[in-house]
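Visitor: how would this look folded up:
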Amino acid sequence: MEDLKSFRHIFFLGIGGIGMSALARCCMLLGSKVSGYDRQTSTITQGLQNDGAEIIFQDDPSALGVTPDLVIYTPAIPADSKLKVFFETAGVRLVKRSEALEWMTHQTDTIAVAGTHGKTTTSSMISYLLSSAGIKHTAILGGVAANYQSNFHSESMDLMVVEADEYDRSFLRLHPKWVVVTAMDPDHLDIYGRYEDMVDAYRQFMLQVQEGGFLLLHHSLKPLVGQAILEKLKERNVTVATYGIEAGDYASQHLQVARGEWRWDLNGPETNLESLVLNMPGRHNVLNASAACAIALTLGAASEKIKNELPGYKGVSRRFEIRYQDERRVLVDDYAHHPEELKAAITAMRETFGGPVTGVFQPHLFSRTRDFAKEFAEALDLLDVPVLTDIYPAREKPIPGVSSQLILDHMTNPNKKICEGDSWVAWIAEQAPRVLITLGAGDLDKHIPDLIRRLYKQ
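Guide: The predicted structure follows:
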């Protein structure tokens, strides 16, 4: 197994990505020279440059300085990238981000959070609670945590918190000591083909928990994992526990919500935490927090410390992020890009702020839109006024016959609407909804400052 510390100069292809930039910061901390390429400047790339990274923004080998010892690339980089082809031709070693993360976590006690949704919030909650309890660690996060104002946090390299991503089977490179699995809903079928193949990958990942380790599952997943896998884990002395609302070994009970504040009791195998408080709306976030509390307890955090510090958790950028709120109106931005995530976010809006709820959704990926058009429609029908925008393609090329209209055609909501391009901004400004949520993993959020100016004269 390679050691990233042995490479003096590491180049990141796609350094501005949320996961890539955190790994780049980790390499800088280890003493490597870090450089990279991204398509455009951002607050992330500016921050890296301020800390000493050299970044170019042209896919052009002539813009390179010294040839690096190692290139780490994201799967989003196209195969015909001029820089990628140049490095391959020059004989420079190239590895995917997932392999580099494997090297980083090898022989380091690792907490990995997996699941088709909830990874970033849960991992950032775990990191926050560990820090609050004085348990030093490094966290590589998939979003900007408000408590750190960063997607990277480091106090010690002896313990790591990472996200275990099922995309491209990346998580199969990890062998963690502690694992959380939040959900296993169908997703990334462009990679797996069949849902059963995705579930098999999750089962394989669970079997990679270290001997004597700890696996925490949402209680609904236990039948899906299957008795055969559970028996194999038992043979390797892996403790398997479950969590859920009114269910599981760690049961969240007596939920109450008032003015956006959620309260509940967490009854676990050894500790009962009464009157936990979370200032992030939604039952899904109660679940994320309960899983984080269970992991923190397992690692030795004191119950009273967890209870006292949890209210101070401030959330993650674009995860049910309140962008504007006054006495009458509210605008929330959420990264939801899967039907189950949409349902959770829309339900949380209604439970927290009442209705009617207007939502603007930007579908993410042509393949995901094709595979889940009906499920997206059912989720968006929960809105009082659902608005669809064009698909955000990300790494994909268009698929014939696949557009946002595919979702709209399945919807039954009489108020459904589709807006081409950026025309939704003007339409929403004209409607001036009281309760508004923007949804999707694309670039919808870049319009929010303009929307706030138009809607609230701020």
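
Visitor: tell me the phi and psi of the nearest residue to residue 118 once chain neighbours are set aside?
Guide: Nearest residue to residue 118, sequence neighbours excluded (CB to CB, 6 or more residues apart in numbering): residue 182, at 3.8 Å. Every residue, glycine included, has its C-beta placed from N, CA and C. Per-residue torsions, residue 182: phi -90, psi -40 (degrees, to the nearest 10).

Visitor: burial of residue 182, as a residue count?
Guide: 23 (other CB atoms under 10 Å).

Visitor: please apply the same query to residue 329.
Guide: Neighbours of residue 329 using other CB under 10 Å come to 15.

Visitor: next one: residue 413 from residue 388, what distance?
Guide: Noted for residue 413: a distance of 11 Å to residue 388, by CB to CB, to the nearest Å.

Visitor: what's the answer for residue 285, then?
Guide: Relative to residue 388, and taking CB to CB, residue 285 is found at 25 Å.

Visitor: between these two, which is the more surrounded one?
Guide: residue 388 (27 against 23).

Visitor: ok, the more buried one touching residue 361?
Guide: Yes - if you go by CB atoms under 8 Å, residue 388 and residue 361 touch, sitting 5.7 Å apart.

Visitor: the residue nearest to residue 118 contacts residue 290, doesn't it?
Guide: No - in this structure, residue 182 is not within contact of residue 290 by CB under 8 Å, at 10.7 Å.

Visitor: report pLDDT for the nearest residue to residue 391 once chain neighbours are set aside.
Guide: Excluding the flanking residues, the one nearest residue 391 by CB to CB, 6+ apart is residue 363, at 4.6 Å. Per-residue pLDDT puts residue 363 at 97.

Visitor: with residue 417 instead?
Guide: At residue 417, the model reports a pLDDT of 97.

Visitor: for residue 362, see how far away it is.
Guide: 14 Å.

Visitor: shared neighbours, the two?
Guide: residue 388 (CB atoms under 8 Å, 6 or more residues apart in numbering).

Visitor: who's more crowded, these two?
Guide: More neighbours surround residue 362 than the other of residue 417 and residue 362, with 21 against 15 (other CB under 10 Å).

Visitor: worst-scoring helix or strand of the chain, pLDDT-wise?
Guide: helix 189-192 (a mean of 82; mean pLDDT, DSSP states H and E).

Visitor: keeping just the C-alphas, turn it into CSV.
Guide: The C-alpha coordinates for helix 189-192 follow below in CSV (Å, rounded to 0.1, in the frame of the first residue of the first chain):
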residue,chain,number,x,y,z
LEU,A,189,-27.9,2.8,-11.7
ASP,A,190,-25.8,4.2,-14.5
ILE,A,191,-22.9,2.5,-12.6
TYR,A,192,-24.6,-0.6,-11.1
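
Visitor: which residues are contacting it?
Guide: With CB under 8 Å, 6+ apart, helix 189-192 has contacts from 167-169, 195, 198, 201, 365, 367-368, 371, 396.

Visitor: run the last query once more with 7 Å
Guide: By CB atoms under 7 Å, 6 or more residues apart in numbering, the residues outside helix 189-192 that reach it are 167-168, 198, 201, 367, 371.

Visitor: kindly reformat the residues you listed as TSV containing distance to residue 58 and secondary structure.
Guide: TSV is the format used below for the contacts of helix 189-192 (distance: CB to CB, whole Å; DSSP: H, G, I helix; E, B strand; the rest coil):
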residue	distance to residue 58	secondary structure
167	27	helix
168	26	helix
198	37	helix
201	36	helix
367	29	helix
371	35	helix
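
Visitor: list only buried entries from the residues you listed.
Guide: 198, 201, 367, 371 (16 or more other CB atoms under 10 Å).

Visitor: apart from its neighbours in sequence, what residue is nearest the first one?
Guide: Excluding the flanking residues, the one nearest residue 198 by CB to CB, 6+ apart is residue 192, at 4.2 Å.

Visitor: and that neighbour, how far is that from residue 185?
Guide: Following CB to CB, the distance that separates residue 192 from residue 185 is 12 Å.

Visitor: now do the strands in the stretch 351-458 of the chain.
Guide: For the stretch 351-458 of the chain, the strands defined by DSSP state E, counting those that start in this stretch occupy 357-361, 385-388, 417-418, 435-439.

Visitor: which of the ones you listed sits closest to residue 281?
Guide: Evaluated with CB to CB, those place strand 435-439 nearest to residue 281, the distance being 10.9 Å.

Visitor: what is the orientation angle of that closest one with strand 357-361?
Guide: With axes from the mean of the first three to the mean of the last three CA atoms, to 10 degrees as the basis, strand 435-439 and strand 357-361 are set at 20 degrees to each other.

Visitor: elements contacting strand 435-439?
Guide: Here strand 435-439 touches strand 330-334, helix 339-353, strand 357-361, going by 3 or more CB pairs under 7 Å, 6 or more residues apart in numbering; DSSP states H and E.

Visitor: contacting residues around the nearest residue to residue 305 once chain neighbours are set aside?
Guide: Leaving aside its chain neighbours, residue 305 sits nearest to residue 133 (4.9 Å; criterion: CB to CB, 6+ apart). Contacts here follow CB under 7 Å, 6+ apart; on that basis residue 133 touches 296, 301-302, 305.

Visitor: and what of residue 164?
Guide: Shown in contact with residue 164 (CB under 7 Å, 6+ apart): 112-114, 171, 174, 205.

Visitor: how far away is it from residue 175?
Guide: 11 Å.

Visitor: check residue 205 too.
Guide: Counting by CB to CB - residue 205 and residue 175 are separated by 10 Å.

Visitor: one more: residue 102?
Guide: 8 Å.

Visitor: same deal with residue 10?
Guide: Going from residue 10 to residue 175 by CB to CB gives 22 Å.

Visitor: these two - which one has more neighbours?
Guide: Just comparing residue 10 and residue 175: by other CB under 10 Å the higher neighbour count belongs to residue 10, 23 against 18.
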